[in-house]
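Asks: Sequence plus predicted model, see below.
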Amino acid sequence: MRVVYAYRYGIVGGVSTQLLLRQAALARAGGAAAVFFSQDNGLRAVVPPGAEVYFGADVSLRRLVRRVRPEAVVVDSPELLGPARGGGFRRPAVFLDVHTTTPRGLAYLDGLRMNGIRGVMVPTRYSAELVCSRVPGAPVSVVPNVLNTEVFTPGVPGSESGPREFIWVGKLDRHKNWRLALVYTRLLMDLFGDVEMSVVGGYGASDTRAAEFFDLAHRLGISGSVRWLDRVDNSALAGLYRRCATSGGAMLVTSRDESFGMAAAEALLCGCPLLANDLSVFREVFPASELIQRVDIWNPDAVAKAAGALETPPSAEAIEALGKDLRWRYGPEAFLEQFTRVVRSG
């Protein structure tokens, strides 16, 4: 199967990483996927050598589709629907891919006409409900995300000397709720004393946002315990998750909403516990496990109680069972099976 994925923004991390994982999964199965971005927002610098990734400044989507002659083109925006059809005699099936859950991000679906669109792909049933509420009657299919099960693996059991380590991953925006992450870093310091919080993400954040970040950390008295890494590669990120796990720490998830929770899933694959907002999508994506503490993120007492559970580290059996479940549901094979079914169902 030959596919073209076409997205607007080539950002570091997020959905861009997911597209590269899908590209690799298709290649291992004997297929191929070309990935196109209208804009380069820092991704070009970290694209693996030889990857079939194109940017709008170098090639147009319409020409790419004509040259590749894919079976399907998957886009994330109505503005790409026209070019996705290629304009040739043999036109591919065109699908809309929806990963956002914010009202602003989903607003373009209101009044969307499905003419020329075979269907809509989403990563979870939760996302499917959001799309269906805005486009009644649209053919929506859940195509699971792919987890990088080769890089994100558990570390060697043991304990680290030094501070208890925590990690938070995401853009420095309201949706990911970065301010609350800093507030709870203060709470974790009050509970455990010496802690270290790694804030990963925010590449491309404005100077104003960066100043707000450091100002809030200073006012909370946590500047010496917080380090901001605007971007790290997957191997380094996996290492951070493992350090959190062996130090008795956790990943803190303060997001107001998620379509899947890629970073949280990657942390769990490394044996890193979660202190996570009790989002309905997490109940869909993650099974019950002693590694996962779901809390009302707006309730400091609930967060403190959940953090107290970290005094008892998760068992090796729990880590193995959760990893096995995630690999089975979100490994490359699960994605390929459902993606192929959806593309060829018409």
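Replies: Yes, it's here.
Asks: what about this protein, any weak spots by pLDDT?
Replies: 87-89, 157-160, 346 (pLDDT under 70).
Asks: And the strands in it?
Replies: 2-11, 32-41, 53-55, 72-75, 93-97, 119-122, 140-142, 164-169, 195-200, 226-229, 250-253, 274-277, 292-295 (DSSP state E).
Asks: helices or strands next to the first one in the packing?
Replies: In this case it means strand 2-11. Helices and strands touching strand 2-11, by 3 or more CB pairs under 8 Å, 6 or more residues apart in numbering; DSSP states H and E, are helix 14-28, strand 32-41, helix 61-68, strand 72-75, helix 81-84. The C-beta positions use only the backbone N, C-alpha and C, and glycine is treated the same way.
Asks: List just the one of these that sits closest to Asp190.
Replies: Asp190 lies closest to helix 14-28 among the helices and strands packed on strand 2-11, at 32.1 Å (CB to CB).
Asks: list the buried ones in the closest one?
Replies: 14-26 (16 or more other CB atoms under 10 Å).
Asks: try stretch 290-301
Replies: For stretch 290-301, by 16+ other CB under 10 Å, it's Glu290, Leu291, Ile292, Gln293, Arg294, Val295, Ile297.
Asks: same deal with stretch 200-218?
Replies: Val200, Gly201, Gly202, Tyr203, Ala205, Phe213, Leu216, Ala217.
Asks: so of the residues you listed, which ones are in helices?
Replies: Among the buried residues of stretch 200-218, DSSP state H puts Phe213, Leu216, Ala217 in helices.
Asks: my guess is the last one meets Ala211, correct?
Replies: No - the pair formed by Ala217 and Ala211 falls short of the contact definition of CB atoms under 8 Å, at 10.9 Å.
Asks: returning to what we had before: of all the buried residues of stretch 200-218, which two lie farthest apart?
Replies: Most distant of the buried residues of stretch 200-218, by CB to CB, are Tyr203 and Leu216, 19.0 Å apart.
Asks: residues touching the closest residue to Arg186 other than its chain neighbours, list them.
Replies: The shortest distance from Arg186 to any non-neighbouring residue, by CB to CB, 6 or more residues apart in numbering, is to Leu220 (4.6 Å). Contact partners of Leu220, counting by CB atoms under 8 Å, 6 or more residues apart in numbering, are Leu182, Val183, Thr185, Arg186.
Asks: Next, format those as CSV and append neighbour count and distance to Arg243.
Replies: Below are the contacts of Leu220 laid out as CSV (neighbours: other CB atoms under 10 Å; distance: CB to CB, whole Å):
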residue, neighbour count, distance to Arg243
Leu182, 19, 20
Val183, 16, 23
Thr185, 23, 16
Arg186, 18, 21
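Asks: export these to CSV and tack on distance to Arg67?
Replies: CSV is the format used below for the contacts of Leu220 (distance: CB to CB, whole Å):
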residue, distance to Arg67
Leu182, 48
Val183, 51
Thr185, 50
Arg186, 54
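Asks: measure the closest residue to Arg294 other than its chain neighbours to Leu326 for me?
Replies: Distances taken as CB to CB, 6+ apart place Asp278 nearest to Arg294, at 4.1 Å, with adjacent residues excluded. To Leu326, Asp278 is 19 Å away according to CB to CB, to the nearest Å.
Asks: Show me which of those two is the more surrounded one.
Replies: The neighbour comparison of Asp278 against Leu326 (other CB atoms under 10 Å) goes to Leu326, with 21 against 16.
Asks: residue contacts, that one?
Replies: With CB under 8 Å, 6+ apart, Leu326 has these contacts: Leu147, Thr149, Ala265, Leu268, Leu269, Phe286.
Asks: Looking at neighbours, which among these is most surrounded?
Replies: Leu268 (30 neighbours).
Asks: quick one: contacts for Lys171?
Replies: Taking CB under 8 Å, 6+ apart, one finds Gly14, Trp178, Gly201, Gly202, Ala205 in contact with Lys171.
Asks: Verify the stated contact: Gly202 with Val232.
Replies: No - under the criterion of CB under 8 Å, Gly202 is not in contact with Val232, lying 11.5 Å apart.
Asks: Export the helices and strands packed on strand 2-11 to TSV and append columns for distance to Phe192.
Replies: Listed next are the helices and strands packed on strand 2-11 as TSV, based on distance: least, CB to CB, whole Å:
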stretch	distance to Phe192
helix 14-28	30
strand 32-41	37
helix 61-68	51
strand 72-75	45
helix 81-84	51
